[in-house]
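1. no sequence for this one, just the structure:
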């Protein structure tokens, strides 16, 4: 599957803003399709930041198309055979197996955000993507015939701009016509990643880091705590989602003392307490933002498109934010190839039409899972523990964004041209039903 044959030069100039997974995927996929790509990012250098991140099979097949990337990712990703689910008191509800999912849908990639990012970033450089760091984008602009950005006082012009610079993207302002500020979702996450040596020393929790990777979740009233070992038990990571009404500051740099998590998890399973005992101070304190779904991801002149978190931030309980960001990039590569340089607006409109309703349905899964876990009737859960299982549905996971765009591009454009229809026509009814079930 991993063969790299770049298509002939298309003449399309693509500017990508932001080198997260949305931006890197868009850059790599556009380069694959023969487009000229310039990627700008404000960071002065690549840093290994963050902790656990999950890429489901629907994005795993994108990694597998990039020669050598799977070989580099495989040794650093989580490889347990399932998720053990417990109550906050420590009672085991069930173990949800992953074997069927991988066999049916494909390979997932769960590991350290920074380590995975470094591999993808290097792949982009290796194939020839022009990446320029220390370029802070101050503004976006577009005309009927071109689009661009101003970064470090310099004007960069292309045929299309893809804004992949996160939830605070200045591209959102040109798309919406006003600045929209993020709101608190009412939840935040304590996160951490550390060497598992201390976990291994405690006989009551050492099972989580011996004999392969392990994955375990504890659920309680309006809180959930998920722990996992990675790299055959060498590294350990946990996240704790909890109520939090604090002011929103979207940053990986915010920290909180371990004592704050101890307060939130007071009275929980002794195993959770032992995990906290082995955890170094401080924690990452990540406030979950809420944004109303945007009415559109594309600018008035259809030369600028928002992608990834800039267009559609996800709750972590969806386990789809990074995957959908990658699907955006794969779809754009196809759409720009199919439209050609003379019809960029058509390609950008088709991108939104192909993606919008699928993304909204995927976003709903995060809300559904969070509410299922956080607002459970525990008497009912005891009667039906399977009600707490993660929904792993075919419409979401067994999906190839590149193939879907290739097969549906022409019909999408025809319908948009004939009827002015929006995005809804192109989504199977099963998508919306599955997401709202």
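-> Ah, there it is. Owing to the predicted nature of the structure, the values given are computational and were not obtained by experimental measurement.

2. got the domain ranges for this protein?
-> 13-77+111-180+293-364+395-436, 183-290 (automatic domain parsing).

3. report the mean confidence score over the longest one.
-> For domain 13-77+111-180+293-364+395-436, mean pLDDT is 90.

4. likewise for stretch 235-250?
-> 81.

5. before we move on, back to that, point out the most buried one among the domains of the chain.
-> Sort the domains of the chain by mean neighbour count, taking mean count of other C-beta atoms under 10 Å, and domain 13-77+111-180+293-364+395-436 sits at the top with a mean of 20. Yep, even glycine has a C-beta here, placed from its N, CA and C like the rest.

6. tell me how far it is from the chain's mean position?
-> Its chain's C-alpha centre and that of domain 13-77+111-180+293-364+395-436 lie 11 Å apart, by C-alpha atoms, centre = their mean, to the nearest Å.

7. follow-up on the earlier one: distance to residue 93 added to the domains of the chain, as CSV?
-> Converted to CSV, the domains of the chain look like this (distance: least, C-beta to C-beta, whole Å):
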stretch, distance to residue 93
domain 13-77+111-180+293-364+395-436, 17
domain 183-290, 8
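
8. for these, which one sits closest to residue 85?
-> Of all those, domain 183-290 sits nearest to residue 85, with 5.3 Å by C-beta to C-beta.

9. packing partners of the helix or strand harbouring residue 241?
-> Residue 241 is part of strand 235-243 when elements are defined by DSSP states H and E. Helices and strands touching strand 235-243, by 3 or more C-beta pairs under 8 Å, 6 or more residues apart in numbering; DSSP states H and E, are strand 183-195, strand 223-230, helix 258-264.

10. so what are the sheet partners of the second one and their directions?
-> If you go by DSSP bridges, strand 223-230 pairs up with strand 215-220 (antiparallel), strand 235-243 (antiparallel).

11. quick one: contacts of the first one?
-> It stands for strand 215-220. Identification of contacts with strand 215-220 by C-beta atoms under 8 Å, 6 or more residues apart in numbering yields 78, 80, 82-88, 90, 93, 208, 224-229, 268-269, 272, 373, 376, 388.

12. out of these, which are inside strands?
-> 82-87, 93, 224-229 (DSSP state E).

13. can I get those in JSON lines including distance to residue 240 and pLDDT?
-> Below are these laid out as JSON lines (distance: C-beta to C-beta, whole Å; pLDDT from 0 to 100):
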{"residue": "82", "distance to residue 240": "21", "pLDDT": "91"}
{"residue": "83", "distance to residue 240": "16", "pLDDT": "93"}
{"residue": "84", "distance to residue 240": "17", "pLDDT": "95"}
{"residue": "85", "distance to residue 240": "15", "pLDDT": "94"}
{"residue": "86", "distance to residue 240": "14", "pLDDT": "94"}
{"residue": "87", "distance to residue 240": "15", "pLDDT": "94"}
{"residue": "93", "distance to residue 240": "18", "pLDDT": "92"}
{"residue": "224", "distance to residue 240": "7", "pLDDT": "93"}
{"residue": "225", "distance to residue 240": "5", "pLDDT": "96"}
{"residue": "226", "distance to residue 240": "8", "pLDDT": "95"}
{"residue": "227", "distance to residue 240": "9", "pLDDT": "96"}
{"residue": "228", "distance to residue 240": "13", "pLDDT": "96"}
{"residue": "229", "distance to residue 240": "17", "pLDDT": "96"}
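
14. which of those residues lies closest to residue 123?
-> Among those, and counting by C-beta to C-beta, the member closest to residue 123 is residue 228, at 25.0 Å.
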